[in-house]
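# Need a 3D model of the sequence below.
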Amino acid sequence: MPRGRDLPPRPPQPAEGPLPPSAPAAGSAAGAGLACKAAQAPKDPERRPGAGRRSGARRHRRAPQGLAAGLALLLMALSVAAPQPGLAAPATASQAGAVPEPDSYRTENYRAPVPATLAGATVIDTGEAHRLWQAGVPFVDTLPHAFRPANLPEGTVWRDTPHDTIRGAVWLANTGYGALDPDTESWFADMLARLSGGRTDRTMVLFCKAECWMSWNAARRAVSLGYSSIHWYPEGVDGWSAANYPMDRAMPLRGAP
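The predicted structure is shown next:
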């Protein structure tokens, strides 16, 4: 093991003391300030005093011009989109698909858009239908119904399709077809005579479902029988139900077999 006198001499150490003022310690406020100054780009020696201000002024002067151009483009777009005076507005879906009133009964495709009119009858909405219902006016449901055939084999299970209708309405099933056999047509006339008390001027409301030609046909048929105060309710049970007005499970009346 070497002895102490064989170790190399220790190199001289710098004298300890405070850092000179010109070299602030890292992390101090002064050091941070110097770092920020060092990070700044050197000034352009050829840059004229006030050039930056003039350039900025030019930029500020250009800004209103750009805004004015944008407003002009917006006004042009609005002028193109807005309808011109004297030009008709585009037809809405309901107007474009308006169904003309036919000259006779509908005989096919009964669940389809219906006309907005019915010659000889009054077309009513849900609000007016409810007012007439409160006044005790007879309501006639004309929704078709498949009755149990008489010749079904014994033991055959038959389930009627349930149907909810306006409370108090009379369900005259299958009276809204375009063509009725003589017995069914006679039965329909007899039922209207009962409901009206024999008065052809008695107000009655005929309906089915929304977009259902059955009620249109039946109301037209009632007008042809001489009734002068037939009210056709095209929204039917759908409009009534949507308004949360009273409904009951219906039992259809059957006319001619």
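# Next, count neighbours for the residue lying closest to residue 208 once chain neighbours are set aside.
Nearest residue to residue 208, sequence neighbours excluded (Cβ to Cβ, 6 or more residues apart in numbering): residue 215, at 3.7 Å. Every C-beta, even on glycine, is put in place using the N, C-alpha and C of the backbone. Residue 215: 28 surrounding residues under other Cβ atoms under 10 Å.
# For the helix or strand containing residue 215, which residues meet the burial criterion?
Per DSSP states H and E, residue 215 falls inside helix 213-224. Residues of helix 213-224 classed as buried: 213, 214, 215, 216, 217, 218, 219, 220, 221, 222, 223 (neighbour count, 16 or more other Cβ atoms under 10 Å).
# Tell me which helix or strand comes right after it.
Going down the chain from helix 213-224, the next helix or strand is strand 230-233, by DSSP H and E.
# what's the model's confidence in that next one, averaged?
For strand 230-233, mean pLDDT rounds to 98.
# quick one: strands adjacent to that strand?
strand 122-123 (parallel), strand 204-207 (parallel) (DSSP bridges).
# got TSV for those, with mean neighbour count and mean pLDDT too?
Formatted as TSV, these follow (neighbours: other Cβ atoms under 10 Å; pLDDT from 0 to 100):
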stretch	mean neighbour count	mean pLDDT
strand 122-123	16	98
strand 204-207	27	98
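# Tabulate those strands (a markdown table), appending distance to residue 239.
As requested, those are exported to a markdown table (distance: least, Cβ to Cβ, whole Å):
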| stretch | distance to residue 239 |
| --- | --- |
| strand 122-123 | 12 |
| strand 204-207 | 9 |
